[in-house]
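Visitor: Model the following, please.
(2 chains)
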Amino acid sequence: MKTLREIAVGSTATVVKLHGEGAVKRRIMDMGLTKGTQVYVRKSAPLGDPIELTVRGYELSLRKDDAAAVEVE
Amino acid sequence: MAIRIALAGNPNSGKTTLFNDLTGANAYVGNWPGVTVEKKEGRMKKQNDVILTDLPGIYSLSPYTPEEIVARNYLLEQSPDAILNIVDGTNLERNLYLTTQLLETGIPMVIAVNMMDVVRKNGDSINIAELGSRLGCKVIEISALKGEGTFAAAQAAVSAAKSGKKALPPKFSDKVESCISQIESSFGNMLPQSFGRWYAVKLFERDEKALEKLNPSGELRSRTEKQITDCEREMDDDSESIITNERYEFIAKTLRGCYKKKNAGGETVSDKIDRVVTNRILALPIFALVMFLVYKISIGTIGDWTVGFMNDTLFGEWIVPAATSGLEDLGCASWLVGLIADGIIGGVGAVLGFVPQLLILFLMLSILEDIGYMARVAFIMDRIFRRFGLSGKSFIPMLVSSGCGVPGIMASRTIEQERDRRMTIMTTCFVPCGAKMPIVGLIAGALFGGSAWVAVSAYFIGVAAVVVSGIILKKTKPFTGEPAPFVMELPAYHAPTAVNILRATWERGWSFIKRAGTVIVAASIVIWVLNSLTFEGGLHYIGEGDEKSLLNAIGEVIAVVFKPLGFGNWQAAVATVLGLVAKEEVVGTFGSLTSMANADLAMELVEAGDSSKLTLIGQEIFGGSGLAAYSFMIFNLLCAPCFAAMGAIKREMNNSKWTFAAIGYMCGFAYIVSLIVYRLGMLFTEGSFTVSTAAAFIAVAALIWLLVRRPSKSVKVKSAAGVTADA
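Guide: Predicted coordinates:
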């Protein structure tokens, strides 16, 4: 399973499925990371974590641990 | 009857600007009951019968964060006459996600598409009329910043409220619709009449709060559960995800053909700024520079000067002496003069002294927030702070607290997650503030020959206390209960707006004066009474700071508590209590309670770093024991902060239980650390072993256990990834 965590900075991926449950998962979905959405990984923070994404035309920041729950292709 | 309109929208959608524009100066700022979420209400300009309620900025109406729960409860329980939903036109897709949920409540609604000026400038186009007909409610273009269309939007909301035309819920795919209508019919009358659709959707999502409220029988519950799982199996996803997907599908369908983006993927000005500001190499230096400026301006030069002026000159030299002589001229009894001049006016002065500094700090923080840098601060610092249960945004409160805890506590406002905010409030006062430095100077001078290492160690202890407390607290129940996801929008930068900034600054400053003021004044009066009355020869007034005062009598009693810490005498106890009024009082108290018999002299000696005469205090109070003095210093650095800070804690926690928990925790933690340092120190230096030494060992063991134990109860939900990793 490939996750958003492994996507290199500067590349694009498509969301396949969200794993996990509860508040974090819901929040990630609420912010627009749903099945079939294109995500562009813009950069990672100076200390390596979190990462910054472009999704649905805006910038979203996500911890790598949480990004690992997003299955992509 | 007044018309009540709820203002709802995403964070950064311009909601505050719109609210300010519509209400002018007629706003009430407070908190929603029991939570630290800010509540704003105001009457509309020129239309006094319209009350606007500014709901917290939210992305969704999920049952997970306090902000979202507050907004939901308000809509469902208070059911306003209309909703004015503000959406950011430059970020339509995600903003409309909340809209789909608001529509479901059926409350009459008007949508205001904000930032239309920017949309046009970008060359994008939105077919407003078509969008309105597809969403089934009135849509109005506005630019809140320029005040364009805001009044029309409000008028539309008022007429929607008057007409009572219900909003239409978005339509989902057939499969989902059929399952939802099944739920709706099987619950029938159990669903609150006007919110049938809302609850049916929530039941489908297995929303905890909705289930709690409706509390269906076991049979009904399992029947519904079966319907949901059937649908889930068919669609190969869980119900919550299904609904979220359906909403975004609905939005995509709605926008098709009526929203055109000119240059998708092009680099905006904001992107260019961000390339520098959150750049891998430059981010930290820029961050350090910004923080240095904030600190230097608000706490350093200007802040210091204003506090000094307010406390020493305005109150100390002008108002208090003037009031004293005025009251004396009127022939008031000396106790009354003392109570009014020293107790009440002095107490008020202690509060007001902070206000100019607070305003400067809030001004700077409001600017950082308004332009969008605050989100970047969290982005840059998150890595470090989340290790001990805090948020990236906790950095600013901590930094500010090294100057003064009061603005530090209030700066925690900028942290969105209630849990992180509470934890920040509980720990931020451990950072030694400016007023604690004289205590450090005193101890260093009195027993350590003025060594600079004492101050260094004080900062080290403060920071260690924050880190240790963060780790301990994040494992306790109240902090594992509601998970706080760090999934954060990085909003586009924009130029600051004077009105917003000034208003935010004033609101924060005023709320401090109002709420914190009452606590501090009351506490100052109590301390004054204790310090000025005596029981000897019947209860009577003897003037402030006399040796026979009630406070000294109490000091002797509570001194017992401090025995295990090595400073169990009444002078140290009294100094600690008076330190609650203002921490620097400790020095003056020692000055007057020793054979030095001069509070001002002690303060001057500390400021001059003249340790030769301070040793007197070391001898008389601590019996020349450096360890006892050090233990006293630790206790006073970590225990309950001054009344001003406690007032700020109460104001920000908005909950007495949490306020007492915070202050209780600080005192308990201070006690334990002092106990360990003093008793283990005594064991190693003098080989003394007492019951207290045993207690210290137990305390060490307890601390270690608290640090390394597994978090209490199911924190697995804390990180979605954690679940997969553990499995």
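
Visitor: give me every residue that touches the nearest residue to B:Gly609 once chain neighbours are set aside.
Guide: Leaving aside its sequence neighbours, B:Gly609 sits nearest to B:Gly450 (C-beta to C-beta, 6 or more residues apart in numbering or on different chains; 5.7 Å). Quick note: C-beta positions are derived from backbone N, CA and C, even for glycine. For B:Gly450, the contacting residues are B:Ala444, B:Gly609, B:Ser611, by C-beta atoms under 8 Å, 6 or more residues apart in numbering or on different chains.

Visitor: Tell me which of these has the lowest pLDDT.
Guide: Of all the contacts of B:Gly450, B:Gly609 has the smallest pLDDT value, namely 78.

Visitor: Distance of that one relative to chain A?
Guide: B:Gly609 sits 38 Å away from chain A, going by C-beta to the nearest C-beta, to the nearest Å.

Visitor: picking up where we left off before, among the contacts of B:Gly450, which are located in helices?
Guide: Those of the contacts of B:Gly450 mapping onto helices are B:Ala444, B:Ser611, per DSSP state H.

Visitor: Would you mind checking the contacts of B:Gly450 for buried ones?
Guide: B:Ala444, B:Ser611 (16 or more other C-beta atoms under 10 Å in any protein chain shown).

Visitor: Now the element after the biggest helix by length in chain A, going C-ward?
Guide: Secondary structure of chain A per DSSP H: the longest helix is helix A:22-30. Using DSSP states H and E, the helix or strand that follows helix A:22-30 towards the C-terminus is strand A:38-44.

Visitor: and that next one, what's its mean pLDDT?
Guide: In this model, strand A:38-44 carries a mean pLDDT of 92.

Visitor: buried set for that strand?
Guide: A:Val39, A:Tyr40, A:Val41, A:Arg42, A:Lys43, A:Ser44.

Visitor: cool, stretch B:145-156 as well?
Guide: Of the residues in stretch B:145-156, those buried (16+ other C-beta under 10 Å) are B:Leu145, B:Glu148, B:Gly149, B:Thr150, B:Phe151, B:Ala153, B:Ala154, B:Ala156.

Visitor: Look up the closest residue to the fifth one, ignoring the ones flanking it.
Guide: Sequence neighbours aside, B:Leu22 is the residue nearest to B:Phe151 in space, at 7.6 Å (criterion: C-beta to C-beta, 6+ apart).

Visitor: so that neighbour touches B:Gly147, yeah?
Guide: No: judged on C-beta atoms under 8 Å, B:Leu22 makes no contact with B:Gly147 at a distance of 9.7 Å.

Visitor: which intervals of chain B have sub-threshold pLDDT?
Guide: B:263-266, B:299, B:350-351, B:481-485, B:515-517, B:519, B:544-546, B:713-727 (pLDDT under 70).

Visitor: Do a quick rundown of the strands in it.
Guide: Along chain B, counting by DSSP state E, strands occupy B:3-9, B:27-31, B:38-44, B:47-54, B:82-88, B:109-114, B:125-126, B:138-141, B:259-260, B:487-489, B:533-534, B:540-541.

Visitor: Tally up the residues packed near the closest residue to B:Ala640 other than its chain neighbours, please.
Guide: The shortest distance from B:Ala640 to any non-neighbouring residue, by C-beta to C-beta, 6+ apart, is to B:Ile663 (4.9 Å). Other residues near B:Ile663 come to 20 when the count uses other C-beta atoms under 10 Å in any protein chain shown.

Visitor: helix or strand for the residue in chain A positioned nearest to chain B, which one?
Guide: The nearest approach of chain A to chain B comes at A:Gly20, 2.8 Å away (C-beta to the nearest C-beta). For A:Gly20, there is no enclosing helix or strand under DSSP H and E.

Visitor: Surely it is in contact with A:Ala68?
Guide: No: under the criterion of C-beta under 8 Å, A:Gly20 makes no contact with A:Ala68, lying 9.1 Å away.

Visitor: Perfect, that will be all.
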